[in-house]
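Trainee: Sequence and predicted structure, then a few things I'm wondering about:
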Amino acid sequence: MPKLAIDRLDHAPKTVLEKSGRSARGLSARGLCALIDALPEPMWAKDRSHRWVMVNDAFCNYMGRTRVELLGKTERDFSPDREASIIWENDETVFATGQARIDEVVAINQDELPRVLRTHLSLLRDTAERDLLIGVIREADLPTTLGPYVDRDEDNDSQRAPQERRKLDRLTSQQVRYAFSDPLTQLLNRRSFMNLFDTTKTNRCESAAIFVVGIDHIKLVNDRFGHCVGDGVIIEVADRLRASIRNIDILGRLDGDEFIVLAEDIDSMQAERIADKILLEIARPMKLSQQDYRVSVSIGVAMFPSHGSDAQDLVRNAGMALRWCKRRRRGGIEFYSDGASVAAERISAIEMKLPLALDHSSLTLHYQPIVSCNDRSVQGFEALVRWQDDQLGELTPSEFIPLAERMGLIYELGQTVLDQACAYITTVADPKISVWVNVSGLQLMDETFPIFVAETLQKHEISGERLLLEITESAAMDADAAVWQVFDELASIGVRLVIDDFGTGFSNLSRLKELPFAAIKIDQEFIHDLPNSPQDCAIFRATVAIAKELNLKIVAEGIENAGQEDFVRRLSVDYLQGYRYGRPMSDVKFKKYRKA
């Protein structure tokens, strides 16, 4: 987290200094954090990417979230798209102009009292001279002076102060409804759902289940079809959830891609049946831009009272189960457990630390050799990103790449990896040796990606022929016209494209022959049991035959022993990769390996 420049706090909102009662000069960082946490008003700081980098306790309470859940995230992770876009634009205005700003929003408290909340925004710089947006939320009206909005009458209204009455009249019926419900789906919003559960449900049932339902890969839908279509998917999922649950169950929308269901008087077996029904209902094809598209959801479940006694605990634990479910198997069900809790806490910690790791260049590359099938000479190396964290230890790409995609950080991460890989290849004198870099399907949806690749090659003064981009089979086969255009542009600058994990996605061969790919990597799943598995032997032979007919180079990855190597060499593949020839290693070790 960027450290706030203490000597610049005199430019912070006046509320901060008024509440502190003294200047913040001379305070330690810990003392400053304690001072900010002591403020009764919600306060936060955002970086230039609109991510929260500092939040105080009052803001956590206001959001109904923990500090771990908020740091590194943006409003888009928690608010409806329309509301988040408005907040984003307001914040961007302050970033662009440097001028302080006050925004007003209408809120309704638990007693149905309307109030006007004012967010004071101002800009300051941290010690690294980066812009930070500081926000403080203050209440403009005292709710004790206003009666319940829904019971207002003309006599009572006329007795209020004119200024209070004018503010109250600004609350339209739509604003009041939005304070209680999600504007997109008309379901209960998070706050209303939590209040309803805590005030009524736990007093009327002995057992219950909380389901947190998350749409898988909604960002992929938004990137491919646009946010309007993405909103349509959210509405359709909401309708299908209504059809999947019982009439007595309660449905709400938590955040952007998450829904919540409360089912009373059921045990874990009944809860699993409801979850199964939800999965089947959501799995039916839906129309997106005049074509069939399948959307899946993942479900986390927490049981009352064994997994929590109030809404806060149950929703948090069901959310942990959901995150663990997405980590293990998207499109499935996971009940809360201690193991899921530990795993979910680790995922939350990774989400919080990943933006900072990118900012501080904490990610490094390891290199695994790719050798010739004929003489084992090094023909190239695959660049594999690694992350070493003091608290989390060494993290593999499988742990943080999916999170980077979900958080919208995959573009920045991908650019970092490509730049480092191209910088390293310049240290390899042999022009025949190339670097292989993995590319996310989301990067391919960015029409500027080929421009970045070309600029990176030019920056490091290397030819496109020395760069091979690895794309998963599913991303290649599902590519639409826009992604095909990206493929063509990459090929036009000399970059060669490789289908990674070939064989796992049941390739459409008619599409394969049309794509501008230079090579395939046969997935190690079909190599692990060679030559002892007749089925894998047959699959491998057929795959090699198809690739040769299509004039594609062939890489057999995952080679670990002599038996596997002998089998694939007899079929005359082009390249070999696996622990038999070297594990991923640091740049220093890889240089020694090449010289050996």
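Mentor: Structure received.
Trainee: Tell me which residue lies nearest the centroid of the chain.
Mentor: Centroid check for the chain by CA atoms, centre = their mean gives residue 406 as the closest residue, at 1.9 Å.
Trainee: Could you look up the SS state of that one?
Mentor: Here residue 406 is helix, with the state taken from DSSP: H, G, I helix; E, B strand; the rest coil.
Trainee: Spatially nearest residue to it (excluding sequence neighbours)?
Mentor: Nearest-residue entry for residue 406: residue 219, 6.6 Å, with adjacent residues in sequence omitted and distances by CB to CB, 6 or more residues apart in numbering. For the C-beta atoms, the positions are set from N, CA and C on the backbone; glycine is no exception.
Trainee: do residue 224 as well
Mentor: Nearest residue to residue 224, sequence neighbours excluded (CB to CB, 6+ apart): residue 445, at 6.2 Å.
Trainee: How about residue 209?
Mentor: residue 271 (3.9 Å).
Trainee: okay but that neighbour is in contact with residue 301, surely?
Mentor: Yes: assessed by CB atoms under 8 Å, residue 271 is found in contact with residue 301 at 5.6 Å.
Trainee: Quick check, residue 220 in contact with residue 444.
Mentor: No: using CB under 8 Å, residue 220 makes no contact with residue 444, being 11.2 Å away.
Trainee: what pLDDT does the residue nearest to residue 224 get?
Mentor: pLDDT for residue 445: 82.
Trainee: Equivalent analysis for residue 372, please.
Mentor: At residue 372, pLDDT is 93.
Trainee: next one: residue 178
Mentor: Note for residue 178: predicted pLDDT of 49.
Trainee: Then the one 5 residues further on?
Mentor: Among the per-residue scores, residue 183 shows a pLDDT of 76.
Trainee: Same check on residue 299?
Mentor: 95.
Trainee: Name the secondary structure element that contains it.
Mentor: Following DSSP states H and E, one finds residue 299 within strand 297-304.
Trainee: Okay, now the sheet partners of that strand, with direction.
Mentor: strand 208-215 (antiparallel), strand 333-335 (parallel) (DSSP bridges).
Trainee: just to revisit the earlier point, which neighbouring elements make contact with the helix or strand hosting the residue nearest to residue 406?
Mentor: Element membership for residue 219 (DSSP H and E) is helix 218-225. Under the contact definition 3 or more CB pairs under 8 Å, 6 or more residues apart in numbering; DSSP states H and E, helix 218-225 sits against helix 227-244, helix 441-444.
Trainee: What residues of stretch 345-353 count as buried?
Mentor: Using 16 or more other CB atoms under 10 Å as the test for burial, stretch 345-353 gives 346, 347, 348, 350, 351, 352, 353.
Trainee: Narrow these to those in strands?
Mentor: Cross-referencing the buried residues of stretch 345-353 against strands under DSSP state E gives no overlap.
Trainee: Surely residue 63 touches residue 70?
Mentor: Yes: proximity of residue 63 to residue 70 meets the contact threshold set by CB under 8 Å, at 6.4 Å.
Trainee: Find residues that contact each of the two.
Mentor: Counting by CB atoms under 8 Å, 6 or more residues apart in numbering, the common neighbours of residue 63 and residue 70 are residue 55.
Trainee: show me what contacts the residue found closest to residue 475 once you drop the neighbours it is linked to in the chain?
Mentor: Nearest non-adjacent residue to residue 475, counting by CB to CB, 6+ apart: residue 441, 3.4 Å away. Neighbouring residues of residue 441 by CB under 8 Å, 6+ apart: 220, 471, 472, 474, 475, 478.
Trainee: Looking at these, which are in strands?
Mentor: Reading strands off these with DSSP E, I get 471, 472.
Trainee: Most neighbours out of the contacts of residue 441, which is it?
Mentor: Within these, most neighbours by other CB atoms under 10 Å means residue 471, with 25 neighbours.
Trainee: Quick check: bridge partners of that one?
Mentor: Bridge pairing for residue 471 - DSSP bridges - gives residue 439, residue 499.
Trainee: so residue 263 touches residue 249, yeah?
Mentor: Yes: contact status for residue 263 versus residue 249: in contact at 4.6 Å, counting by CB under 8 Å.
Trainee: Find the residues that touch each one of the two.
Mentor: Going by CB under 8 Å, 6+ apart, residues that sit against residue 263 and also against residue 249 are residue 274.
Trainee: if you count what's nearby, which of the two comes out ahead?
Mentor: It is residue 263, of residue 263 and residue 249, that has more neighbours when counted by other CB under 10 Å, with 23 against 18.
Trainee: and of the strands paired with strand 297-304, who's closest to residue 460?
Mentor: Minimum separation from residue 460 across those (CB to CB) falls at strand 208-215, 39.5 Å.
Trainee: then the closest one to PDB, C-alphas only?
Mentor: Presented in PDB, the C-alpha positions along strand 208-215 are these (Å, rounded to 0.1, in the frame of the first residue of the first chain):
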ATOM      1  CA  ALA A 208     -31.300 -22.300   7.300                       C
ATOM      2  CA  ALA A 209     -28.900 -22.200   4.400                       C
ATOM      3  CA  ILE A 210     -27.200 -19.200   2.800                       C
ATOM      4  CA  PHE A 211     -26.200 -19.600  -0.800                       C
ATOM      5  CA  VAL A 212     -23.800 -17.100  -2.400                       C
ATOM      6  CA  VAL A 213     -24.100 -17.600  -6.200                       C
ATOM      7  CA  GLY A 214     -21.300 -16.100  -8.400                       C
ATOM      8  CA  ILE A 215     -21.500 -15.900 -12.200                       C
END
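Trainee: now that strand, how far from the chain's geometric center?
Mentor: 19 Å (CA atoms, centre = their mean, to the nearest Å).
Trainee: swap in stretch 457-476?
Mentor: 25 Å.
Trainee: Show me which residues of that stretch are buried.
Mentor: 457, 460, 462, 464, 466-476.
Trainee: before we move on, back to that, what's the neighbour count on the residue nearest to residue 406?
Mentor: By other CB under 10 Å, neighbour count at residue 219 equals 20.
Trainee: what's the answer for residue 37, then?
Mentor: 15.
Trainee: thought it was touching residue 56?
Mentor: Yes: using CB under 8 Å, residue 37 is in contact with residue 56, at 4.9 Å.
Trainee: in the stretch 351-500 of the chain, which spans are helices?
Mentor: Applying DSSP state H, counting those that start in this stretch to the stretch 351-500 of the chain gives helices spanning 397-407, 410-425, 441-444, 449-460, 473-477, 481-492.
Trainee: what's the closest of the strands paired with strand 297-304 to residue 308?
Mentor: strand 208-215 (8.0 Å).
Trainee: mean confidence for the closest one?
Mentor: In this model, strand 208-215 has a mean pLDDT of 93.
Trainee: what inclination does that strand have with respect to helix 218-225?
Mentor: 30 degrees (axes from the mean of the first three to the mean of the last three CA atoms, to 10 degrees).
Trainee: and strand 208-215, which residues are buried?
Mentor: 208, 209, 210, 211, 212, 213, 214, 215.
Trainee: which among those residues gets closest to residue 86?
Mentor: Closest approach between the buried residues of strand 208-215 and residue 86, by CB to CB: residue 215, at 22.3 Å.
Trainee: Report the contact partners of that closest one.
Mentor: Counting by CB under 8 Å, 6+ apart, residue 215 makes contact with 233, 234, 237, 257, 258, 295, 296, 297.
Trainee: How about it: what's its closest non-neighbour residue?
Mentor: Using CB to CB, 6+ apart, the closest residue to residue 215 is residue 257 (4.3 Å).
Trainee: re earlier: now list whatever residues contact both of residue 271 and residue 301.
Mentor: In contact with both residue 271 and residue 301: 209, 211, 335, using CB under 8 Å, 6+ apart.
Trainee: TSV please, covering the residues you listed and showing distance to residue 369.
Mentor: Converted to TSV, the shared contacts of residue 271 and residue 301 look like this (distance: CB to CB, whole Å):
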residue	distance to residue 369
209	51
211	47
335	43
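Trainee: Noted, bye for now.
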